[in-house]
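**Student:** the following block contains a protein sequence and its predicted model.
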Amino acid sequence: MLTINQLTKSRGSLNILNSISFQAKSGRVTGFLGPNGAGKSSTLRILLGLDRATSGTALINGVPYAKLLVPLATVGAVFEGSGAHRSRTGRAHLNWVAQSAGLSRFRVDEVLEIVGLTSAASKRVGSYSLGMGRRLALAAALLGDPEILILDEPTNGLDPEGIRWLRKFLRERAASGRTVLLSSHLMGETAETVDDVIIINKGQIVADGTLTEVVGSHRTLEDSFFNLTTGNGRDMR
């Protein structure tokens, strides 16, 4: 489980996060949504130990990321800009990640198969399409067979078949009792994938509930999202 409690982040006089709290539960896919600059990336960076909070806590199974004994065996993450060196092959990159994390290299072929990159494993990453790069990043996140996945814009660059595959894969992960937290700008695809929705706007949580609860009387998740983030919606915390 991921638990954010009274998390605040300030830079000088600028308040980026204003005492936010939420959970992403095991056995559920949780969508973490918000406009650009709302505080999504700051929250995820603090959760993964890449930035420090001004106050509050961001815990993974009850402890901060820095205190996880084998981080990749607990949480795998895919972020924009977290790709491999372009001169390496896909397999070489995964071997390097596994070795640096203290994981078995025997897992590399398994994750290549899972993400559909076996045939491209010996090609240099510089020749990969954007979608293939995203699949490789997911493969790296899966090396430790983590119980938690955190994904930032996971469908970016994927074709329709790849998006459908990813949706099925994430639903299966959740069905096996694992935790999935994803951030995306694609409302329609998010609505097809998630169980729960958290919406952040201007550093504050404005909605937190099941997909059905957050959509409420609106026609779609997108309609609810814009209503809540343009100053016209009611707070649904």
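**Tutor:** Ah, there it is. Keep in mind that this is a model prediction, so the values were computed, not measured.

**Student:** my guess is V214 contacts L221. True?
**Tutor:** Yes - counting by C-beta atoms under 8 Å, L221 is a contact partner of V214 at 6.9 Å. Where C-beta positions appear, they are placed from N, C-alpha and C, glycine not excepted.

**Student:** give me the common contacts of these two.
**Tutor:** Shared contacts of V214 and L221 (C-beta atoms under 8 Å, 6 or more residues apart in numbering): V197.

**Student:** surely R86 touches V125?
**Tutor:** Yes - assessed by C-beta under 8 Å, R86 is found in contact with V125 at 5.2 Å.

**Student:** excluding its backbone neighbours, what's nearest the residue most central in space within the chain?
**Tutor:** Geometric centre of the chain, nearest residue: L151, 2.1 Å, by C-alpha atoms, centre = their mean. Counting by C-beta to C-beta, 6 or more residues apart in numbering, L151 lies nearest to L182, which is 4.4 Å off, once chain neighbours are set aside.

**Student:** any idea how far the one you found lies from G203?
**Tutor:** According to C-beta to C-beta, to the nearest Å, L182 and G203 sit 20 Å apart.

**Student:** swap in P154?
**Tutor:** Plainly put, P154 is 24 Å away from G203 if you go by C-beta to C-beta.

**Student:** so those two - more neighbours on which side?
**Tutor:** Set P154 next to G203 and count neighbours by other C-beta atoms under 10 Å: P154 wins out with 28 against 22.

**Student:** wait, a strand at the more buried one?
**Tutor:** No - going by DSSP: H, G, I helix; E, B strand; the rest coil, the assignment for P154 is coil, not a strand.

**Student:** show the pLDDT at it.
**Tutor:** pLDDT, P154: 85.

**Student:** before we move on, back to that, the more surrounded of R86 and V125?
**Tutor:** The residue with more neighbours, out of R86 and V125, is V125; 19 against 12, by other C-beta under 10 Å.

**Student:** next, count neighbours for the nearest residue to that one once chain neighbours are set aside.
**Tutor:** Leaving out its chain neighbours, the residue that sits closest to V125 by C-beta to C-beta, 6+ apart is A84, at 4.5 Å. Residues near A84, counting by other C-beta under 10 Å, number 22.

**Student:** now A84, what's its secondary structure?
**Tutor:** coil.

**Student:** how long is stretch 45-61 end to end?
**Tutor:** End-to-end distance for stretch 45-61, by C-alpha to C-alpha, to the nearest Å: 17 Å.

**Student:** could I get the average pLDDT for it?
**Tutor:** Mean predicted lDDT for stretch 45-61 stands at 95.

**Student:** try stretch 10-28
**Tutor:** On average, stretch 10-28 scores 94.

**Student:** now do the buried residues in it.
**Tutor:** Along stretch 10-28, these residues count as buried under the neighbour rule (16 or more other C-beta atoms under 10 Å): N15, I16, L17, N18, S19, I20, F22, Q23, A24, S26, R28.

**Student:** check contacts around T74.
**Tutor:** Applying C-beta under 8 Å, 6+ apart, the residues contacting T74 are I60, N61, L68, G144, P146, E147, I148.

**Student:** skipping adjacent residues, who's closest to I16 in space?
**Tutor:** Using C-beta to C-beta, 6+ apart, the nearest residue to I16 is K9, at 4.4 Å.

**Student:** domain map for the chain?
**Tutor:** 1-61+148-237, 83-146 (automatic domain parsing).

**Student:** centre of the chain versus the shortest one, how much separation?
**Tutor:** Put plainly, it is domain 83-146. 18 Å (C-alpha atoms, centre = their mean, to the nearest Å).

**Student:** great, nothing more from me.
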